[in-house]
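>>> I need the structure of the sequence given here:
(one chain, ligands or ions: 1)
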Amino acid sequence: MSDDEVDHELLDLLRKSLGLGPPDPSAPPETKILENAEYIYHNSIDVALDMRYSKLAAAEIFKQMQERDYGTKTWSEHPLHPKSKDENTVNFIFTMDLLNFSFWSEKSEAERFAVSYKDQRWTGYWSLVAVLQRALDEDIPITTPSFWANEEECSEEVLKKVFRSETDEEIPLFQERLKCLREAGQIIEEEFDSSITVLIEDAKNSAAGLVNLLAERFTCFRDEGRYDGKKVRFLKRAQIFVADLWAAFDGEGYGSFNDIDKITMFADYRVPQMLHSLGCMSFCPPLEGKIRRLEPIESGHSWELQIRGCSIWCIELLRREILKLDPDAKVNAILIDFFLYDLAKEREKNGDEVEEMIPHHRTRSIWY
Ligand SMILES: Nc1nc2c(c(CN[C@H]3C=C[C@H](O)[C@@H]3O)cn2[C@@H]2O[C@H](COP(=O)(O)O)[C@@H](O)[C@H]2O)c(=O)[nH]1
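Modelled structure (predicted):
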């Protein structure tokens, strides 16, 4: 019996013993991600959050977001993000967030995987966006699910060309990315009429519902762990897919969700680094030492789960603090997260303060 089935079995027993009926199918969907993050935070001994710095950071973040008029429209202003409000952008975003993981390299800045596109050299997340845009320019239908499932047309050789690098280093986890494409292509063809918009429509405008649907039907989106024996969900790429849709479509059309504020921060490796540099999050000496020595932390390790869970909870605290400053603030976990990611990349680009920042933690996985 899988963990899931055990959980359901126990829940059913508990319901019966309390004289409760079966779960109400009409109840709004929940992801349990924020609840799990709070659980991790309250049971963390190696990662801590600092309330004073979090209050200061919340005020500063809110001030800068207002000064920059930071909102959903910012998403489309990024040079590489698609601008059209149509199905092509839906497909682009799905492909992007299917593969939106693990860009960090052990090599130097000059030797790491990099993509040259539109006269610029892109690394990290932006190298993936550049790869997709370049492939489309070269008439390779890289954002079409039926293409991914077709091993003749979408051969490993074609994908090597799609993901070709300016350097000798190939994109990290190339084989895992290929598997994600194959799995997603097959499932979308078999269960969603080969259409990502059908998948979105199945969630009936619920952000939480769409996140749960992705986690349920695609193993490559099932980003979960076990902390202190309890199953915890992060679902980072499923959540950022919904968030990217919402931002790209400015909350309309395919980006229209009636519960978008149920989406939490995306537990990646860049935003926790920002939270540390803002003084909001700190690590016990052995963990901090491991991070500073760039030593790998294995996926699922307690330290990794604490970093991810406490980061999600920290952004929730920042969100609550901002709403205390201004109850009408148009701010949610998504926009705070996006803002902190963009701020991290701005700092990296300007080269300022980067030395002082702690390195990001090194976990190699397909989850983020
Ligand atoms: N929490 C969070 N994680 C994010 C993003 C983004 C990009 N989102 C764009 C969309 C809207 C925003 O305005 C951004 O322009 C990528 N990542 C994650 O970071 C890592 C890549 O880091 P680096 O190697 O340095 O590029 C990798 O785990 C990737 O999955 C985000 O927004 N939030």
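>>> what is the three-state secondary structure of residue 60?
Under the three-state scheme (DSSP: H, G, I helix; E, B strand; the rest coil), residue 60 adopts helix.
>>> gap between it and residue 54?
11 Å (CB to CB, to the nearest Å). All C-beta atoms are positioned from the backbone trio N, CA, C, and that covers glycine.
>>> more crowded one of these two?
Applying other CB atoms under 10 Å to residue 60 and residue 54 shows that residue 54 carries more neighbours, namely 21 against 11.
>>> quick one: that one and residue 288, what's the gap?
19 Å.
>>> now residue 244: how far from the ligand?
6 Å (CB to the nearest ligand atom, to the nearest Å).
>>> kindly report the same for residue 296.
Distance of residue 296 to the ligand, given as CB to the nearest ligand atom: 15 Å.
>>> pLDDT at the closest residue to that residue other than its chain neighbours, what is it?
Distances taken as CB to CB, 6 or more residues apart in numbering put residue 362 closest to residue 296, at 4.9 Å, once the chain neighbours are dropped. If you check residue 362, the pLDDT there is 98.
>>> residue 353 too?
For residue 353, pLDDT reads 62.
>>> give the contact list for the residue in the stretch 51-200 of the chain positioned nearest to the ligand.
Nearest to the ligand, among the residues of the stretch 51-200 of the chain, is residue 124, at 2.5 Å (CB to the nearest ligand atom). Shown in contact with residue 124 (CB atoms under 8 Å, 6 or more residues apart in numbering): 103, 104, 345.
>>> need phi/psi at the residue nearest to residue 296.
phi -110, psi 90 (degrees, to the nearest 10).
>>> helices or strands next to the longest helix along the chain in the packing?
If you go by DSSP state H, the chain has its longest helix at helix 302-325. In terms of contacts (3 or more CB pairs under 8 Å, 6 or more residues apart in numbering; DSSP states H and E), helix 302-325 is packed against helix 33-42, strand 47-49, helix 51-67, strand 224-227, helix 271-277, strand 281-283, helix 333-350.
>>> mind putting these in CSV, mean pLDDT included?
Below are the helices and strands packed on helix 302-325 laid out as CSV (pLDDT from 0 to 100):
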stretch, mean pLDDT
helix 33-42, 98
strand 47-49, 98
helix 51-67, 98
strand 224-227, 98
helix 271-277, 97
strand 281-283, 98
helix 333-350, 94
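>>> run a quick neighbour tally on residue 16.
11.
>>> how about residue 199?
For residue 199, using other CB under 10 Å, the count is 22.
>>> equivalent analysis for residue 284, please.
Neighbours of residue 284 under the rule other CB under 10 Å: 15.
>>> quick check: phi and psi on it?
With angles defined as degrees, to the nearest 10, residue 284 sits at phi -60, psi 150.
>>> what sits against it?
Contacts of residue 284 were listed using CB under 8 Å, 6+ apart, and they are 45, 46, 47.
>>> do the same with residue 156
Taking CB under 8 Å, 6+ apart as the test, what residue 156 contacts is residue 178.
>>> kindly report the same for residue 123.
103, 109, 112, 113, 114, 115.
>>> and it, how far from residue 201?
Distance, residue 123 to residue 201, using CB to CB: 35 Å.
>>> with residue 300 instead?
34 Å.
>>> now swap in residue 43 and tell me
As judged by CB to CB, residue 43 and residue 201 stand 38 Å apart.
>>> circling back to that earlier point, ok, the residue nearest to residue 296 touching residue 298?
No. Residue 362 lies out of contact with residue 298 (CB atoms under 8 Å); the separation is 10.0 Å.
>>> which one's more surrounded, the two?
residue 362 (18 against 11).
>>> which residues does stretch 225-240 contact?
3-4, 7, 31-33, 36-37, 39-40, 43, 97-98, 100-101, 210-211, 214-215, 221-224, 263-264, 266-268, 300, 302, 304-306, 308-309, 312, 367-368.
>>> next, count neighbours for residue 312.
Neighbours of residue 312 under the rule other CB under 10 Å: 27.
>>> what sits against residue 142?
95, 131, 132, 135, 136, 162.
>>> please apply the same query to residue 264.
Residue 264 touches 31, 33, 34, 37, 239, 312, 315, 316, 333, counting by CB under 8 Å, 6+ apart.
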